[in-house]
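Asks: Can you look at this prediction? I've put the sequence above it.
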Amino acid sequence: MAVYVAAAVVVLVASLLNITVTPYDPLLQNVGPSLGGPSLTHLFGTDFLGRDVFSRVVWSLPNDLFVSFAVVAVALVAGAIIGAVAAFRGGLLDELLMRFTDVIFSLPALVIAMVISVALGPGLNHMMFALMVIWWPPYARVARGEALRVSHQNYVEAARFAGQRTLGIIFKHVLPNISLTLLIYATLDVATVVLTYAGLSYLGLSVRPPQPDLGEMISTSQDYLITAPWLPIIPGLVIAIAVVGFSLLGDGLRDALEGS
Amino acid sequence: MAALLTIQDLTVAYESRSGPITAVDHVNLELHQDEFLAVVGESGCGKSTLGLSVIGLLPKPPARIVQGSIQYKDTDLLRLNGNKIREYRGTEIAMIFQEPLTSLSPVYRVGDQIAEAILIRELRKRGQSTIDSEFMQRTYKRSARQLKRTARVGHRIPSDLSEEVIRYLKLVRIADPEQVLDRYPFELSGGMTQRVMIAMALSQEPALLLADEPTTALDVTTQAQVLKLMKELIRKVRTSVLLVTHDLAVASQVADRVVVMYAGEIVEDADVIDLFSNPMHPYTSGLLSCIPSGYKDDSELTPISGSLPDLRSLPIGCRFAPRCPHAMAICSKQNPSLIQQDNNHKVSCHLYGQQN
Amino acid sequence: MDSKTETILRTEDLRKYFPVRKGLNPFSRREQRFIKAVDGVSISVQKGKTAAIVGESGCGKTTLARTIGLMTPATGGKLYFDEKEITEAKIDRNQIYRNMQMVYQDPESSLDPRMKVAASIGEPLYGLMRWDKHVVNEAVDRSLQLVGLSADFADRLPKQLSGGQKQRVAIARAIAIQPSLVILDEPTSALDASVQAQILKLLLKLQNEFKLTYVLITHNIAVARYMADFVAVMYAGNIVEYGPTRTVISRPRHPYTIALISSAPIPDPKTRNLLQTEIRGEVPSAIDPPLGCKFNPRCPFAEGICTSSNPPLQEISPEHFVACHFVNKTA
């Protein structure tokens, strides 16, 4: 468990460094030799425009993580409410909401993201928005299953005897009792979003250069795989560490919480 | 009367995150031939653990036999390994459980499950290695090899076996046994599935029948029918019974002898009439006065004060002392042992002296 | 009859049917079938008394409790609380709940596992009375005291409580608002014998102190006998016998009641009543009950008319009602 936490913490801390220190301005060109390898002055080397790779990586990490957390947070909240309402009210509303969920779920994520980004134009916020639109269905499904279980418990009916209306019961009793399962799922999900977002920004759908972004860094430097391997590999490694770190964190969290 | 089953100094513990919990603590018990013994107690007293350890069905881990022996006829069941105990289980010793729906396999028909039990009985009776093909041929008009194949449930029962199955179904008073043969367990009611379980258990012609809360999940009228049936059949088939129950009233109706357990120990062991007319241990009399009897405004219900002890932190001395209205100084210092009084009545309490 | 005893709850031919799912074919011409859980129940409960509804699983007693508690709308018939009709779905339920509360069978699921005891007990006070925090806290403390729990229980979570303690909290929650009627749905079935006795005594004490009316749902005859002033025996959605406890339990007249009472094990090894009972058959299907009297396939006294007409409740002696064509046979 400690290992998992450490991995995720490292990534989080690294993203915070952005606020405090980057050795070089990530946008400034020619701060070092073009295609210089990793050295003491440039920890991750420099890219083809002479920009410090380390600074660029550190600069772009918080964006990645912010996007991932934001998408998961929105998906969690939206999915939880949709699922809980569907389960609790049942009947036609349940059918409608769940079929709507199925429709969104069946849309291919990447394609939709691309469509939205083309429609709105490229950029971090647009990409984040696109992901939020399609990311919530699994949460709605899980939430509905859990909410069904909870809604049959006597304390939910007792709440009616206590004067609570449906909406109040959903927020006061149903959602708090399904939140644990959803949170565990969400923690594991962060890793997936990181990866998906990296993929999308690799395709150039997110930030425009010269803004640094891990996925974009990989795509623009893939031609240099042989000549300057650190350029595509290092951002890739950073993404991989982030993904693994959060996956392990999610696993550890689940083990710890389910054990209790 | 020879003792069929002798449990000596049995101690069973469960491993938990906060350390080992002793569920059964130095228990001594005897079950005689043709006797109907009820082990009575509330939740956590260890009665189910006791029952399961006789037949070797305790999940080990987390359960662990710390010490003791369970002598069945001439064998210590606790010293047998998995294979050996299987020879006893389902043949000499049969068991019926509380939840009828989860005790029968939902994917096989009821008739096939009973047939399987009968076939296993016959195969085992003939010993492991050799099967008397003559006998099999005569009795079941099939060769041993064919029977062995049919013993795998899933094949339909051979017609001559189905006669015996129907005989058992009739024995447990199931109406329309020919129909029930073809049914799946989920198509039957709780009472009927429990009867099927009894039929399966009795088809083994066991010498010992263990029943763990067999009627708790049933309605009161069904319970009456099933208990009545059990008593009749047991008399007919000459099986001894160890019944585990939380319901003293049920025990009073069917048992010859009653053993009362509290926090893993036996506190009283007596003949049923003696126990109810002369309960010696304060817990037993407390339990009896907990049973609502009589009408409103007209009867006294005296609950036992306090609550069941936490098995993880048991008091020193007698475990019932904190709740006992007759507790004396010695009770919180020394745990009394089970001592025989008159009338074959054993009690574990400082109120009663030694009897030689 | 005491002219001061008023009727606090009354049902008139109350019915609750659940539609059976018709399957996938929307054009199926099969008639809609119903599970007739409560099939015409007329009872009245006197203020300050305990009316027990006794029956086995599937008889509809829990559905009856939930219908009376307005948790599910009645399909037919009428329901009166304090002589005001409350059958319609449009009524203000919260007004009713100020005077009617419920205690459930399973202590494990009665309390929200994420809410502290004080919050659970206070919920009806906030929701129905709109009292402020100060008043609610006082009421919660008083409730805890009344059910025999010390004040420090207020901050505990359900998982820190035993079954008996949870049930006490559930009772504290039900009486905090000082209702006049409490529906008790098998309040002690899930508890050990020693705990059951404590809870039953507590309930009686509270009834005496606050002049509560109880509607007690139970399958346990001994509990009904100990707690109730009146007993109603329910079978397959109908009340088959109703009357003062002493009468129904010691001089039952309906064949089902007779079988039910004699099936209850008496803790006396010298009278082995169990082994003398003779009842055959099983509880009938609620979708296709037998024609006529629903008990007729199992009844030792059934004759011709029993298969064609479901007998209504008839008063055979003061306050004692039996639904049987041949009640004279059981005298």
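Replies: Yep, that arrived.

Asks: All the helices of the stretch 1-150 of chain B, residue numbers only.
Replies: For the stretch 1-150 of chain B, the helices defined by DSSP state H, counting those that start in this stretch occupy B:47-54, B:82-88, B:100-103, B:110-125, B:133-140, B:144-150.

Asks: Find the closest residue to chain A in chain C.
Replies: Nearest residue of chain C to chain A: C:Gly127, at 3.0 Å (CB to the nearest CB). To be clear about C-beta, it is placed using only N, CA and C from the backbone, and glycine gets the same treatment.

Asks: From C:Ala172, how far out is that residue?
Replies: Using CB to CB, to the nearest Å, C:Gly127 is found at 16 Å from C:Ala172.

Asks: Which one of these two is surrounded by more residues?
Replies: In this view C:Gly127 and C:Ala172 are compared by other CB atoms under 10 Å in any protein chain shown, and C:Ala172 has more residues nearby, 27 against 20.

Asks: isn't the more buried one right up against C:Arg142?
Replies: No - at 9.2 Å, C:Ala172 does not count as touching C:Arg142 under the criterion of CB atoms under 8 Å.

Asks: which bits of chain A sit near chain C?
Replies: Within chain A, the positions near chain C by CB under 8 Å from any CB of the partner chain are A:153-155, A:157-164, A:168, A:173, A:176-177.

Asks: one more time with 7 Å
Replies: With CB under 7 Å from any CB of the partner chain as the criterion, chain A meets chain C at residues A:153-155, A:157-164, A:173, A:176-177.

Asks: Would you mind checking these for buried ones?
Replies: Among the residues of chain A next to chain C, the ones that count as buried by 16 or more other CB atoms under 10 Å in any protein chain shown are A:153-155, A:157-164, A:173, A:177.

Asks: Sort out for me which of those are in helices.
Replies: Taking DSSP state H as the definition of helices, those contribute A:Asn154, A:Tyr155, A:Glu157, A:Ala158, A:Ala159, A:Arg160, A:Phe161, A:Asn177.

Asks: Quick one: those residues as JSON lines, columns for pLDDT and distance to C:Pro244 too.
Replies: Listed next are these as JSON lines, based on pLDDT from 0 to 100; distance: CB to CB, whole Å:
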{"residue": "A:Asn154", "pLDDT": "92", "distance to C:Pro244": "31"}
{"residue": "A:Tyr155", "pLDDT": "94", "distance to C:Pro244": "35"}
{"residue": "A:Glu157", "pLDDT": "92", "distance to C:Pro244": "32"}
{"residue": "A:Ala158", "pLDDT": "92", "distance to C:Pro244": "32"}
{"residue": "A:Ala159", "pLDDT": "93", "distance to C:Pro244": "36"}
{"residue": "A:Arg160", "pLDDT": "91", "distance to C:Pro244": "33"}
{"residue": "A:Phe161", "pLDDT": "92", "distance to C:Pro244": "29"}
{"residue": "A:Asn177", "pLDDT": "90", "distance to C:Pro244": "44"}
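
Asks: Looking at these, which is nearest A:Ala119?
Replies: Minimum distance to A:Ala119 across these is 39.1 Å, recorded for A:Asn177 (CB to CB).

Asks: ok, the closest residue to chain C within chain A - contacts?
Replies: Closest residue of chain A to chain C, CB to the nearest CB: A:Gly163 (3.0 Å). Residues counted as contacts of A:Gly163 (CB atoms under 7 Å, 6 or more residues apart in numbering or on different chains) are C:Asn94, C:Tyr97, C:Pro124, C:Gly127, C:Leu128.

Asks: what's the residue of the stretch 101-250 of chain A found nearest chain B sitting at in phi/psi?
Replies: For the stretch 101-250 of chain A and chain B, the shortest gap (CB to the nearest CB) falls at A:His152, measuring 19.2 Å. When read as degrees, to the nearest 10, the backbone of A:His152 gives phi -90, psi 0.

Asks: before we move on, what about C:Phe295?
Replies: According to degrees, to the nearest 10, C:Phe295 has phi -90, psi -10.

Asks: Might one say that it is in contact with C:Gly237?
Replies: No - the criterion here is CB atoms under 7 Å, and C:Phe295 misses it with C:Gly237 at 11.5 Å.

Asks: Just the element for B:Thr261, please.
Replies: I think there's a mix-up here, since residue B:261 is Met and not Thr. strand B:257-262 (DSSP states H and E).

Asks: ok, B:Glu300 - how many residues close by?
Replies: Applying other CB under 10 Å, we find 8 other residues in the vicinity of B:Glu300.

Asks: just B:Leu287 next, same as before
Replies: 25.

Asks: Just list what the host helix or strand of it packs against, helices and strands only.
Replies: When elements are assigned from DSSP H and E, B:Leu287 belongs to helix B:282-290. With contacts taken as 3 or more CB pairs under 7 Å, 6 or more residues apart in numbering or on different chains; DSSP states H and E, helix B:282-290 sits against strand B:257-262, strand B:265-271, helix C:193-210.

Asks: so which of these is the most packed in?
Replies: Highest mean neighbour count among those (mean count of other CB atoms under 10 Å in any protein chain shown): strand B:257-262, with a mean of 26.

Asks: Kindly point out the strands partnered with it and how each is oriented relative to it.
Replies: Here strand B:257-262 has these sheet partners by DSSP bridges: strand B:36-40 (parallel), strand B:265-271 (antiparallel).

Asks: Would you reformat the ones you listed as TSV and include mean pLDDT?
Replies: As requested, these are arranged in TSV below (pLDDT from 0 to 100):
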stretch	mean pLDDT
strand B:36-40	95
strand B:265-271	94
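
Asks: could you dump those to a markdown table with distance to C:Glu303?
Replies: Shown next, in a markdown table, are these (distance: least, CB to CB, whole Å):
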| stretch | distance to C:Glu303 |
| --- | --- |
| strand B:36-40 | 40 |
| strand B:265-271 | 46 |
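
Asks: which stretch among those comes nearest C:Ala37?
Replies: Nearest to C:Ala37 among the strands paired with strand B:257-262 is strand B:36-40; the distance by CB to CB comes to 35.6 Å.

Asks: coming back round to it: of the ones in helices among the buried ones among the residues of chain A next to chain C, closest to B:Gln225?
Replies: Checking these against B:Gln225 with CB to CB, the nearest one is A:Asn154 at 31.2 Å.

Asks: OK, contacts around the closest one?
Replies: So A:Asn154 contacts C:Tyr104, C:Asp106, C:Ser109, C:Ser110 (CB under 7 Å, 6+ apart).

Asks: got the contact list for the second one?
Replies: Each residue near C:Asp106 by CB under 7 Å, 6+ apart is listed here: A:Asn154, C:Ala190.

Asks: Phi and psi next, for it.
Replies: Dihedral angles (degrees, to the nearest 10) for C:Asp106: phi -90, psi 110.

Asks: and it, how far is that from chain B?
Replies: Using CB to the nearest CB, to the nearest Å, C:Asp106 is found at 15 Å from chain B.

Asks: So which bits of the longest helix along chain A are buried?
Replies: Of all the segments of type helix in chain A, defined by DSSP H, the longest one is helix A:53-89. With burial defined by 16+ other CB under 10 Å, the residues of helix A:53-89 counted as buried are A:53-65, A:67-68, A:70-72, A:74-76, A:78-88.
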